[in-house]
Structures are given as C-alpha cells and as structure tokens.
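In: Predicted model, plus sequence, below.
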Amino acid sequence: MGLIRLPLRLLSKLNSFLLTIGSVIATLALAFMVAFVIYQIVMRYAFNTAPAWTEEGARFLMLWMTGLVAPLGYRKGGFVAIDLVQTALPRLLSAILSLILLALAMLTLIYAFIIGWSEITGFAGRFATASIYFPWPGAEGLEWIRAPRSYMMASLVVGSVLMISVNIELILRVLAGEGLPSETSVLLDKSKQPVMEGE
C-alpha cells in the first residue's frame, strides 16, 4: 500500500491543479456561450438578422466546456451510476468489481482519445470553420484567418486525456483501499467520502 500512496498523492495533486484550471476555463466558456446565444436571439428577433458566428462559436465553446468539466464530474463521482451492487458486496469483491469497471472505462477513454486524435489529424481536421476567425501574424501584420476545425475537435482529445488521468487516480484509490467517490455516498454520509488531495 505504501508504494501506491506516493504516486496517488502526486497524481491527485496534478489532477486537482489541472481540473481547477479546466473548471475556470469551462466556467468562462459557459458564460460566453450563454452570451453568444442571447446575442443571437436578440439580433434575430429584434433586428431580423442572425450573425453566423454566434451559433458556431457557441458550439465551439460547448465542446470545450464539456471536455474540461467532464473529468471533474468523473473524479467526484458525479456521473450517473447504479452502485447498489457495489455497496451490497463485501469490501474485497466491491474493490474487484470497481477495478473491472475502471478497466473497461479506461479502454473506452483510450478509444475516445484515438477517435479524437484521428479527427484532428485526419480528413475532417483539415477543414476550417465557416465563421470563426482569429488573428494570426502574416507578412503584412496581423491577418484574420478562419479557425481550423481541429481546434474544435481537440476538446475530445484534451477531455479524454484528463479523464484517463482521473481514471488512473481512481484505480490507485481502489488499490489503496480508499474506494471510489460517489454522489450517493456524499448525500448519505459525508464522513464516508474519500477526500481528494488539494481540495
């Protein structure tokens, strides 16, 4: 157990740091996304014109918000789960079942990373967005160029990498005998919830 504690502590601190930054960025993305949607509604119904960039910009922000906040929800046990069987089993069998489920989740996350990476480097990633522009240094100063779609698809890669890191932390927690975080256990008994490093 002692060999597991050190990497668990280090990975827990790293995840806490990265997910804190991710949650701040995701909050800003949500705020801008709401602002874009409200702006589009006002322009459409008050001025009878709808800017093209608002819809694509909101979709861009929504993907990044999801990619950055999903690992945090996964780490805190906030995903929908039926843990009745795990809580009813003896401690050892519950830990074994948790490890099996985490191993299956790891395979899924690795597959999601492969899909995201192939989307970025493949055919779809070569196209540019229709209406999102950003400044880029050119021969005559800053030029406004269309953002590649790969920037949007990178949210899947970043999100899956963060979730893989969280998944490894959860595996180490089970091996260390700390169990998995669960929203159900938080509601029922705060004292039974494992404390994350850095929180």
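Out: Structure received.
In: pLDDT weak spots in the protein?
Out: Residues of the chain meeting the criterion pLDDT under 70: 1-2, 80-86, 124-125, 182-199.
In: Which residue ranges of it form strands?
Out: Using DSSP state E, the strands assigned to the chain run over residues 128-138, 141-148.
In: Need the contact partners of the first one.
Out: The contact list for strand 128-138 (CB atoms under 8 Å, 6 or more residues apart in numbering) reads 51-53, 56-57, 60, 142-149, 151-152. C-beta coordinates here come from the backbone N, C-alpha and C atoms, glycine included.
In: which one among the residues you listed gets closest to Phe127?
Out: Among those, Arg149 lies closest to Phe127 (CB to CB), at 5.0 Å.
In: Would you mind measuring from the closest one to Met65?
Out: Distance of Arg149 to Met65, given as CB to CB, to the nearest Å: 17 Å.
In: More neighbours: those two, which one.
Out: Remark: of Arg149 and Met65, Met65 carries more neighbours, 23 against 19, as counted by other CB atoms under 10 Å.
In: Quick check, that one in contact with Met33.
Out: Yes - counting by CB atoms under 8 Å, Met65 sits close enough to Met33 to count as a contact (6.8 Å).
In: Neighbours of Pro118, how many?
Out: Quick fix: residue 118 reads Ser, not Pro. Ser118: 14 neighbours (other CB under 10 Å).
In: Ala35 now?
Out: Residues near Ala35, counting by other CB under 10 Å, number 14.
In: which residues touch Ser165?
Out: 11, 14-15, 18, 71.
In: Spatially, what comes nearest to Ile145 if we skip its sequence neighbours?
Out: In space, and not counting its chain neighbours, Ile145 is closest to Trp136: 4.9 Å by CB to CB, 6 or more residues apart in numbering.
In: how close does the residue located most distally from the centre of the chain sit to Gly177?
Out: In the chain, the residue that sits farthest from the middle, by CA atoms, centre = their mean, is Glu140; the gap is 38.3 Å. Using CB to CB, Glu140 is found at 63 Å from Gly177.
In: The strands of the chain: which one's closest to Leu107?
Out: strand 141-148 (29.2 Å).
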